[in-house]
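below are the sequence and a predicted model for it; my questions follow.
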Amino acid sequence: MADLAITDVKKSYDGKPVLHGVDIAIPDGHFVVIVGPSGCGKSTLLRMIAGLEDITSGTISIGGIEMNDIEPSDRGCAMVFQNYALYPHMTVRQNIAYPLRIAKLPQSERDSRVEQAAKILNLTDYLDRRPAQLSGGQRQRVAMGRAIVREPDVFLFDEPLSNLDALLRVQMRIEIKKLHKRLKATSIFVTHDQVEAMTLADTLIVMNAGRVEQIGSPSEIYRRPASVFVAGFMGAPAMNLLPAKADADGLVRLDGVADGIAIAQADVAKGRLLTVGIRPESIVLSTEVGSGLPATVDLVEELGGSRVAYCNFAGHEVAVVLPAGDENIEGSTIWLTLPQNAIHCFDRETGLRLARSTPNGRVLRAKNLSEAAP
Amino acid sequence: MTTEALARPMARPLRRISERSGLNTAAGHVLMVLLSIFCLFPVYWMLASSFRPANAMFETSLWPTTMSLDNYTQAVDAIPIARMLFNTLVFSALSTVFQLLTGILAAFAFARWKFPFDKLVYTAVALTWLVPFQVVMIPNYLLVAQMGLLDNIIALILPNLAAALAILLLAQAMRGFPKEVMEAARMDGARNWRILWEVLVPNLRGTIASLAILIFISTWNEYFWPLLLSRTAENSVVQIGIQMFMTAEGNQWGPLMAASTLASLPVLLIYIVLQRQVVQSFMKSGIR
């Protein structure tokens, strides 16, 4: 096990920058999830940690040792790939034992480590099968077994669950979390799935367009997104983001709301263009006439345990989470209340959170994880 | 138009899937049988003729009315056919092994590494495939003559040590192999040599097998290059031996067919023994 430090790491392909200077410090034993949309540079960053991609500038250190020019196999990292990357011609046993065979470990040691890994991952009955004879979940477990037996300092997971069906994905997610609790090795998990990110992470790193948008605990990132991007990316259904403007009296008024209702206090200059965010589950909905801001329900999505109503509110589409129920409210007018303490204010130009948008607000930016971690 | 008419489905014959596919299958089978007969008949005729005595050689009956092994005895007496078959086998087997070996190594370099002018070099290799044998025949001949290797089996093999086809086909197959598996091997501690022989090659068995068969058969059938270099029957290949039955005085069809049958046997044997693997590998590597 070891801590990991990424200092001002940049990456360019043919002079085109894809990572613009990433600074992350991951304490020993943490489970860190890097989340972001496709093409944001998260997998590139992981591959740079693994040594599979060159670093254009900056340094990556594991356990205090700079790893920039060290061979991937000598970095103490083991990686689980998205498509498992098992050796098709080898049995499960041979696949798991391959890194040990290369390391020239004695046969008895190899056997015992393989048996142990197989036991942890419930693969004992499949040791003599080839990958083609296994299900997706079993293949993924073999890939994890191959990582475990090396007893690495750092586990790297590159979207390992994205090829699995929904049910298996949940099972494997739980298994990975349990495995981490058991092995306590520093783990970095890359995903574009926010549910995976929220459920697995001790610390979450949100990336966008080659930059770290925010680092923090999952709840911190969910409750206090540092930018419009994080606000829109984390959470399903996504946070409602509405254009607004700062008024002369220091109040924020939503665009298109004719009577100029003030919805939150913000320490901003008059006329500043803003984006106001509110989570769908934070909006209070009422059918009592005049009990809030009027909106028309366009569509209701049934989720079983709850429903999502998509409403037309002053020309903007707003999602509202409702409790489960049978009444048909599609096409009817409803009344929305936006609780002040649930409102997030962002600068529309920079996309950054405004510091005093809610009482006791604190803006989190990309910084040393050891500071950000709870 | 009434609403009733709209509700009714369009009047068109409804055919059952099984009937249609059954007809298609039958038509396909008939076509394949005809094509098979077209391909196999010359081979059958060669075999049948090899057993016909000289006086019945030009009979048109499908099955020989009288059978004789005279043609085989004559062929064996006229030329050192065993020695020639052995030479052909050595020539074909070594050419196959070396072309595969050089092909695998070169293809790995093209598929895995970026180096200055790599695309240019790859194109140059591809272009050598387009150069006809007749163009390089004289320079190659002069080269082996200067090396004192005329009438020597080594001279036959030398220009066949590497071939563009093997490099191109293998490079393509290696490029198609999942990059992540090679990266996983790299993470596991394997260097290039190990990745090539322990990860790539075992997984490209299909391509390598089909390529090996292609090289072996084309080398086995090589005629002109051995004809240029051979001076004695003992150092010659079986295709030259067959040609020896075609003389200015006329063709000795019986021994010629017997020698041709003997020359075809090893290739046929390989095909019969490896039939399933050959078909599978050709299907997998996309060579039909």
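Looks like it arrived, so ask away.

rest of the way, CA atoms for contacts and neighbours
Will do.

flag the shaky bits of the stretch 251-374 of chain A, pLDDT-wise.
A:258-267, A:355-374 (pLDDT under 70).

which parts of it are helices?
Along the stretch 251-374 of chain A, the segments classed as helices by DSSP state H, counting those that start in this stretch run A:369-372.

all strands of it, in order?
Assigned by DSSP state E, counting those that start in this stretch, the strands in the stretch 251-374 of chain A fall at A:251-254, A:262-265, A:273-278, A:284-286, A:293-302, A:306-313, A:316-323, A:333-337, A:343-347.

and residue B:252, which of these is closest to it?
strand A:293-302 (87.2 Å; CA to CA).

got the residues of the stretch 151-288 of chain B near chain A?
Contacts of the stretch 151-288 of chain B with chain A, taken as CA under 8 Å from any CA of the partner chain, map to B:178, B:180-181, B:183-190, B:199, B:202-203.

chain B: which of the strands of the stretch 251-374 of chain A is closest?
strand A:293-302 (30.4 Å; CA to the nearest CA).

note down every partner strand of that closest one and its orientation.
Take DSSP bridges as the rule and strand A:293-302 pairs in its sheet with strand A:306-313 (antiparallel), strand A:333-337 (antiparallel).

the residues of the stretch 151-288 of chain B next to chain A, buried ones only, as a ChimeraX selection?
For the buried members of those, the matching ChimeraX selection, counting by 16 or more other CA atoms under 10 Å in any protein chain shown, is:
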select /B:180,181,183,184,185,186,187,188,189,190,199,203
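
backbone phi and psi for the residue of the stretch 201-350 of chain A found nearest chain B, please?
The stretch 201-350 of chain A approaches chain B most closely through residue A:210 (22.4 Å), counting by CA to the nearest CA. Note on residue A:210: its backbone torsions stand at phi 80, psi 10 [degrees, to the nearest 10].

interface residues of the stretch 1-150 of chain A facing chain B?
Checking the stretch 1-150 of chain A against chain B by CA under 8 Å from any CA, the hits are A:50, A:52, A:72-74, A:77-79, A:81, A:83, A:85-89, A:98-99, A:102-103.

pick out the residue nearest the middle of chain B.
By CA atoms, centre = their mean, chain B has its centre lying nearest to residue B:214, at 2.7 Å.

can you read off the pLDDT for it?
For residue B:214, the pLDDT comes out at 86.

what helix or strand is it located in?
Counting by DSSP states H and E, the element that carries residue B:214 is helix B:205-220.

put the alpha carbons of that helix into CSV.
Taking Å, rounded to 0.1, in the frame of the first residue of the first chain, the C-alpha atoms of helix B:205-220 are listed here in CSV:
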residue,chain,number,x,y,z
ARG,B,205,-3.0,-19.6,-34.3
GLY,B,206,-5.8,-19.4,-36.8
THR,B,207,-4.1,-16.8,-39.0
ILE,B,208,-0.7,-18.4,-38.6
ALA,B,209,-2.1,-21.9,-39.6
SER,B,210,-3.9,-20.5,-42.6
LEU,B,211,-0.8,-18.6,-43.6
ALA,B,212,1.4,-21.6,-43.1
ILE,B,213,-0.8,-23.7,-45.4
LEU,B,214,-0.9,-21.0,-48.1
ILE,B,215,2.9,-20.6,-48.0
PHE,B,216,3.5,-24.4,-47.9
ILE,B,217,1.2,-25.1,-50.9
SER,B,218,2.5,-22.2,-53.0
THR,B,219,6.1,-23.3,-52.3
TRP,B,220,5.2,-26.9,-53.0
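
output the contacting helices and strands for that helix.
helix B:81-112, helix B:164-176, helix B:275-285 (3 or more CA pairs under 8 Å, 6 or more residues apart in numbering or on different chains; DSSP states H and E).

before we move on, the earlier item: in CSV, list the strands of the stretch 251-374 of chain A along with mean neighbour count.
Below are these laid out as CSV (neighbours: other CA atoms under 10 Å in any protein chain shown):
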stretch, mean neighbour count
strand A:251-254, 22
strand A:262-265, 19
strand A:273-278, 24
strand A:284-286, 17
strand A:293-302, 18
strand A:306-313, 20
strand A:316-323, 20
strand A:333-337, 20
strand A:343-347, 25
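
Serialize these to a markdown table and add fields for distance to residue A:27.
Formatted as a markdown table, the strands of the stretch 251-374 of chain A follow (distance: least, CA to CA, whole Å):
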| stretch | distance to residue A:27 |
| --- | --- |
| strand A:251-254 | 40 |
| strand A:262-265 | 37 |
| strand A:273-278 | 32 |
| strand A:284-286 | 40 |
| strand A:293-302 | 42 |
| strand A:306-313 | 38 |
| strand A:316-323 | 37 |
| strand A:333-337 | 42 |
| strand A:343-347 | 30 |
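
which stretch among the ones you listed comes nearest residue B:255?
Per CA to CA, nearest to residue B:255 of those: strand A:293-302, 84.7 Å.

the chain - how does it break down into domains?
No chain specified, so I'll use chain A. Listed by automatic domain parsing, the domain ranges of chain A are A:4-231, A:243-372.

sorry, should have said chain B
Split by automatic domain parsing, chain B gives B:2-50, B:71-287.

winner for burial among those domains?
With neighbours taken as mean count of other CA atoms under 10 Å in any protein chain shown, the domains of chain B reach their highest mean count in domain B:71-287, at a mean of 18.

where does chain B have low pLDDT?
In chain B (pLDDT under 70), the answer is B:1-11, B:15, B:17-20, B:274, B:277-278, B:281-288.

in it, where's the longest helix?
helix B:17-50 (DSSP state H).

for residue A:301, which non-adjacent residue is spatially closest?
Closest residue to residue A:301 apart from its sequence neighbours, by CA to CA, 6 or more residues apart in numbering or on different chains: residue A:308 at 5.0 Å.

so who does the one you found touch?
A:237, A:300, A:301, A:302, A:319, A:320, A:321, A:322 (CA atoms under 8 Å, 6 or more residues apart in numbering or on different chains).

try it again with 7 Å
A:300, A:301, A:302, A:319, A:320, A:321, A:322 (CA atoms under 7 Å, 6 or more residues apart in numbering or on different chains).

before we move on, what about residue A:36?
When contacts are counted by CA under 7 Å, 6+ apart, residue A:36 is found next to A:42, A:192, A:206, A:207, A:208.

shouldn't the second one be in contact with residue A:39?
It refers to residue A:192. No - the pair residue A:192 and residue A:39 fails to qualify as a contact (CA atoms under 7 Å) at a distance of 10.0 Å.

quick one: closest of the strands of the stretch 251-374 of chain A to residue A:5.
That would be strand A:343-347 among the strands of the stretch 251-374 of chain A, by CA to CA, at 30.2 Å.

mind listing the strands for the stretch 51-200 of chain A?
Counting by DSSP E, counting those that start in this stretch, the strands of the stretch 51-200 of chain A are A:57-62, A:65-66, A:77-80, A:154-158, A:186-191.

could you report the neighbour count for the residue in the stretch 101-250 of chain A positioned nearest to chain B?
Going by CA to the nearest CA, chain B is nearest to residue A:102 of the stretch 101-250 of chain A, at 6.3 Å. Number of residues near residue A:102 (other CA atoms under 10 Å in any protein chain shown) recorded here: 14.

right, and residue A:190 touches residue A:35 too?
Yes - at 6.0 Å, residue A:190 counts as touching residue A:35 under the criterion of CA under 7 Å.

scan chain A for its longest helix.
Ranking each helix of chain A by length (DSSP H) puts helix A:166-183 first.

in that helix, what's buried?
A:169, A:170, A:172, A:173, A:176, A:177, A:179, A:180.

dump these to CSV, plus distance to residue A:243.
Listed next are the buried residues of helix A:166-183 as CSV, based on distance: CA to CA, whole Å:
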residue, distance to residue A:243
A:169, 37
A:170, 36
A:172, 40
A:173, 37
A:176, 40
A:177, 39
A:179, 44
A:180, 42
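
got the strands paired with strand A:293-302 as JSON lines, with distance to residue B:58 columns?
Listed next are the strands paired with strand A:293-302 as JSON lines, based on distance: least, CA to CA, whole Å:
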{"stretch": "strand A:306-313", "distance to residue B:58": "89"}
{"stretch": "strand A:333-337", "distance to residue B:58": "99"}
